[in-house]
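Trainee: Give me a 3D structure for the following:
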Amino acid sequence: MKLIKKLHNLIKHNYENGKYINKKYTYNNTKINVSDYKLGQNKALSDFDHGKFFKIYPQTIIEILNSLFKGKFDEILNFIKGYNETKSNIKNNS
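Mentor: Prediction:
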């Protein structure tokens with residue numbers, strides 16, 4: 001335990017003296033305000049534009065789980081709805 005405390009103190013000391021500053025790396029915590037539905041649409045369009053196969057998402061199962069767990073799957077469900085509806089529109093127009 002003393003070794004861990006010593007190591008902790010050394011790392012803390014070095015950190016406080018700027019030894020771990022690396023200006024090449026930055027973290028951008030910017031949130032993009034796009035709905036989950038729109039993210040699903042964008043993913044379907046991206047799959048189509050890049051010639052990838054469309055994915056098969058289990059919308060019915062997620063709807064059941066969402067109702068059982070009182071909306072805990074809303075974000076996933078909205079993504080799937082956006083993806084599936086866009087996929088359907090693309091297939092109907094092609």
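Trainee: residues in contact with the residue nearest to Gly82 when sequence neighbours are not counted?
Mentor: The spatially closest residue to Gly82, leaving aside those adjacent along the chain, is Gly40, at 2.8 Å (C-beta to C-beta, 6 or more residues apart in numbering). All C-beta spots, glycine's among them, are computed from the backbone N, C-alpha and C. Residues counted as contacts of Gly40 (C-beta atoms under 8 Å, 6 or more residues apart in numbering) are Asn78, Phe79, Ile80, Lys81, Gly82, Tyr83, Asn84, Thr86.
Trainee: Looking at these, state which has the most neighbours.
Mentor: Counting neighbours by other C-beta atoms under 10 Å, Tyr83 leads these with 25 neighbours.
Trainee: Confirm for me that that residue is in contact with Gln41.
Mentor: Yes: with contacts counted by C-beta atoms under 8 Å, Tyr83 reaches Gln41, the gap being 7.0 Å.
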